[in-house]
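Trainee: Below is the sequence, then the predicted model.
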Amino acid sequence: MIKTKLKIRKYGDPCLRKKSESVKKIGPAERMLIDAMLNTILDKETEIGLAAPQIGINKKIFIVDLPEFPRVFVDPKILKKEGQTTMEEGCLSFPGFSFEVKRPKRIVVEYLNEQNKKCRIECEDFLARVILHETDHLNGVLIVDYVSEEERMQNQKALDALAEKTKKELKINS
Ligand SMILES: [Zn+2]
């Protein structure tokens with residue numbers, strides 16, 4: 001079997017800012033997409049989650065690679081948020097960056113799993129953070145949207161440079 005590895009879209013790519021389409025049922029096309037996403041991150045130790053917009057597909061699907069945790073989340077809906085925590089967060093679309101991000105501590109999320117079964121889980125701390133980070137991607141929201149004014153100023157040049165590089169690459173490839 002051919003293992004497809006997909007190119008990760010970086011900050012500056014317009015697809016990261018688009019709101020993704022809902023997926024009501026996983027069909028053959030979605031299955032292929034999920035397989036390719038899993039192949040893209042599963043053997044990398046540092047990579048925990050990947051959302052479809054990060055590979056240029058604006059569909060509400062993300063995957064998580066954590067032991068004993070569901071892997072595929074389709075059409076997730078955050079039903080409940082409680083509390084607040086702040087943690088450093090990184091993102092595959094922001095190589096080399098990490099930002100302090102304030103998020104709810106505990107959530108309830110409803111989603112479709114890879115068997116098209118509606119599921120609901122409650123999670124907190126790190127797991128909640130991963131789910132919220134990936135769900136943000138499906139709505140065009142990125143970790144830079146949470147940074148303080150000070151942190152933004154410190155990183156603005158580097159962020160602009162990344163966006164510039166991404167746009168240049170897109171022009172070359174298209
Ligand atoms: Zn991310």
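Mentor: Received, thanks.
Trainee: Now do the same contact list for K80.
Mentor: By C-beta atoms under 8 Å, 6 or more residues apart in numbering, the contact set of K80 is R106, I107, V108, E122. Any C-beta I mention is one placed from the backbone N, CA and C, and that applies to glycine too.
Trainee: Give me the buried positions along the helix or strand hosting M153.
Mentor: Element membership of M153, judged by DSSP states H and E, is helix 149-173. Buried residues in helix 149-173, counted by 16 or more other C-beta atoms under 10 Å: N155, L159, L162, T166.
Trainee: Quick check: beta-bridge partners of the residue nearest to R129 when sequence neighbours are not counted?
Mentor: Distance criterion C-beta to C-beta, 6 or more residues apart in numbering; nearest residue to R129, sequence neighbours excluded, is R103 at 5.5 Å. Using DSSP bridges, the bridge partners assigned to R103 are T85.
Trainee: Roughly how far does R103 sit from I34?
Mentor: Distance, R103 to I34, using C-beta to C-beta, to the nearest Å: 25 Å.
Trainee: what about the longest strand in this structure?
Mentor: strand 72-82 (DSSP state E).
Trainee: Give the pairing partners of that strand; include direction for each.
Mentor: Sheet pairing of strand 72-82 (DSSP bridges) gives strand 61-64 (antiparallel), strand 106-112 (antiparallel).
Trainee: Tell me which of those strands is the most buried.
Mentor: Mean neighbours per residue, mean count of other C-beta atoms under 10 Å, is largest over the strands paired with strand 72-82 for strand 61-64, with a mean of 25.
Trainee: Need the residues that contact that one.
Mentor: Contacts of strand 61-64 (C-beta under 8 Å, 6+ apart): 23, 30, 33-34, 37-38, 41, 48-52, 70-76, 130-131, 134-135, 137-138.
Trainee: which residues of this protein score low on pLDDT?
Mentor: Low-confidence segments of the chain (pLDDT under 70): 1-4, 43-46, 172-174.
Trainee: what helix or strand is the most centrally placed residue in it on?
Mentor: Centroid check for the chain by C-alpha atoms, centre = their mean gives E134 as the closest residue, at 3.3 Å. Counting by DSSP H and E, the element that carries E134 is helix 125-138.
Trainee: returning to that earlier point: compare the strands paired with strand 72-82 and give me the one nearest I143.
Mentor: Of all those, strand 61-64 sits nearest to I143, with 14.7 Å by C-beta to C-beta.
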